[in-house]
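# the following block contains a protein sequence and its predicted model.
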Amino acid sequence: MSQPFYLYVEDDRLSRTVMDMLLGTMMGLTNYAIFEDSTDFMVRLKSLPVRPNVILLDIHVRPLNGFEMLKSIRSDPDFENCRIVALTASVMNEEVKQLRMAGFDGTISKPLDPKIFPDLLHKVHSGESVWQIT
């Protein structure tokens, strides 16, 4: 079976570096892309070599925030099978409720915990909803 393809959209340099280390170095994955912002998001998403299986969105990225990117992805039938997870440092109960109502498949709080992140990512890829809040 081929390796899943992941996309992470994050404007914080350190968070991108951590994700690159988790996916590439720690998990040994090669099929992923990291966008440093959401400029021309859908054009860039569609230009990827393959459709992502899982898209990880920072909520507070610019110019489009995570909710706006989610809406764009969900409105495009080419991406109907993508699992979309919010990554955010601000996980208050009210925001989690907003993330669920918006249509995210889960959320993973930042900073990412390298001990549990690989398992959470596997669960998301397998179709489980993951609402990991610390």
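That came through fine.
# for the most centrally placed residue in the chain, which three-state class applies?
By Cα atoms, centre = their mean, the mean C-alpha position of the chain lies nearest to Leu56, the distance being 0.3 Å. Following DSSP: H, G, I helix; E, B strand; the rest coil, the label given to Leu56 is strand.
# just the one 4 residues further on next, same as before
Here His60 is recorded as coil under three-state DSSP.
# tell me how far it lies from Gln98.
13 Å (Cβ to Cβ, to the nearest Å). The way it works is simple: take the backbone N, C-alpha and C, and place the C-beta from them, glycine included.
# just Lys110 next, same as before
17 Å.
# compare these two (neighbour count), which wins?
Ranked by neighbour count (other Cβ atoms under 10 Å), Lys110 and Gln98 place Lys110 first, with 19 against 14.
# which ones are touching the residue lying closest to Ala89 once chain neighbours are set aside?
Among residues not flanking Ala89 along the chain, Lys110 sits closest, at 4.4 Å (Cβ to Cβ, 6 or more residues apart in numbering). Counting by Cβ atoms under 8 Å, 6 or more residues apart in numbering, Lys110 makes contact with Ser15, Leu87, Thr88, Ala89.
# neighbour-wise, which one of those leads?
Ranking these using other Cβ under 10 Å puts Leu87 first, with 25 neighbours.
# pretty sure it sits against His60.
No - contact criterion Cβ atoms under 8 Å: Leu87 and His60 do not qualify, at 9.9 Å.
# low pLDDT regions in this structure?
Applying pLDDT under 70 to the chain flags residues 1, 91, 134.
# that one: helices as residue ranges?
13-20, 41-46, 66-74, 93-102, 117-125 (DSSP state H).
# TSV please, covering those helices and showing distance to Met27.
Formatted as TSV, the helices of the chain follow (distance: least, Cβ to Cβ, whole Å):
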stretch	distance to Met27
helix 13-20	10
helix 41-46	22
helix 66-74	23
helix 93-102	24
helix 117-125	5
